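# Quick check, what structure comes out for this input:
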Amino acid sequence: MHIETDGLVIREQPVGENDRLVTLLTRKAGIVRGFAKGIKTVRNPKSSGTSLLSYSQFSLYQGRSRMIIDNARPKEMFFGLREDIGRLALAQYFCELAGALAPEGQPAEDCLRLLLNGLYFLSKGQRHPLLLKTAVEMRMLSLAGYMPDLLYCQGCGCYEADTMFFLPDSGTLLCSACGGQKRGIPLDRGMLTALRYTVYADFDKLFSFRLPPQGLAQINRASERYLLHTLQRTFPTLEFYRQVADTSLGHTPGEGSV
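Okay, here's the model as predicted:
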């Protein structure tokens, strides 16, 4: 079997002194694990194309026990991510999330597009990190079949109120009249509109909503709690992002505006 596809390196592992095992999120085949031989030898043309966060054009063939990367031509390296520890940590979390949610052995064009756009905005510093984090989390969950129901209150059918409450254990809404304040995360009208946007908006407009810092922090709290409860697992890269975000220049959660 031979595959020609573009893809993003979402994980890399050294093997021996010169080889590398990489995990790719590809357009045509979803998650693919490939072996790159002699990658650390002098002037190996595959070295940059198989490094973490490299978006490349790949040529792979089936080896005896796993896919072998025959060629990797870089298309985008996202150099801006390496200029700031907060950006890099968030990018690595996006990659780990994709590794957990993207399909294997089947097309993953929407997931790849989501990740590439999120990394582009993050690399260029054109969106607040919490906006990107919330949008990527909620849309990736939705693509994987875990779409929350944000259309109306599950108790009375109310579409909107001054304050609605998001329930991360079920991915649904309740209004105050239905007891949402007892176990939900409060969202004002603007926050609810933004959270709905991350799930229901056309992809071309996914990253175009705006909220003040406190609003971004609140919808980020909602999306993160929903994700962790839904997947019932932790993400080491998320823990690392939390540790470095408060000290990362220009990327402190809650600072500035979008």
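
# For the rest of this, base every contact and every neighbour count on C-alpha atoms.
Noted.

# And the contacts of the helix or strand encompassing residue 95?
Following DSSP states H and E, one finds residue 95 within helix 85-101. Outside helix 85-101, the residues within contact range by CA atoms under 8 Å, 6 or more residues apart in numbering are 10-11, 25, 31, 53, 81-82, 111, 115, 119, 122-123, 129, 133, 136-137, 140-141, 144, 235, 237-238, 240-241, 244-245, 247-249, 251.

# Give me the phi and psi angles of residue 11.
With angles defined as degrees, to the nearest 10, residue 11 sits at phi -160, psi 140.

# So for it, what's the pLDDT?
At residue 11, the pLDDT value in this model is 97.

# Can you name the residues bridging to the residue lying closest to it once chain neighbours are set aside?
Excluding its sequence neighbours, the residue lying closest to residue 11 (CA to CA, 6 or more residues apart in numbering) is residue 23, at 4.9 Å. Residue 23 has these beta-bridge partners by DSSP bridges: residue 11, residue 33.

# circling back: go through the helix holding residue 95 and flag the buried ones.
For helix 85-101, the neighbour count (16 or more other CA atoms under 10 Å) marks 85-99, 101 as buried.

# Only alpha carbons, please: show it as PDB.
What follows is helix 85-101, C-alpha atoms only, in PDB (Å, rounded to 0.1, in the frame of the first residue of the first chain):
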ATOM      1  CA  ILE A  85       6.300  28.800  25.500                       C
ATOM      2  CA  GLY A  86       2.600  29.400  26.000                       C
ATOM      3  CA  ARG A  87       1.800  29.200  22.300                       C
ATOM      4  CA  LEU A  88       3.900  26.100  22.000                       C
ATOM      5  CA  ALA A  89       2.300  24.400  25.000                       C
ATOM      6  CA  LEU A  90      -1.200  25.100  23.600                       C
ATOM      7  CA  ALA A  91      -0.200  23.800  20.200                       C
ATOM      8  CA  GLN A  92       1.100  20.600  21.700                       C
ATOM      9  CA  TYR A  93      -2.200  20.200  23.600                       C
ATOM     10  CA  PHE A  94      -4.100  20.600  20.300                       C
ATOM     11  CA  CYS A  95      -2.000  17.800  18.800                       C
ATOM     12  CA  GLU A  96      -2.600  15.500  21.800                       C
ATOM     13  CA  LEU A  97      -6.300  16.200  21.500                       C
ATOM     14  CA  ALA A  98      -6.300  15.400  17.800                       C
ATOM     15  CA  GLY A  99      -4.500  12.200  18.600                       C
ATOM     16  CA  ALA A 100      -7.300  11.200  20.900                       C
ATOM     17  CA  LEU A 101     -10.300  12.200  18.800                       C
END
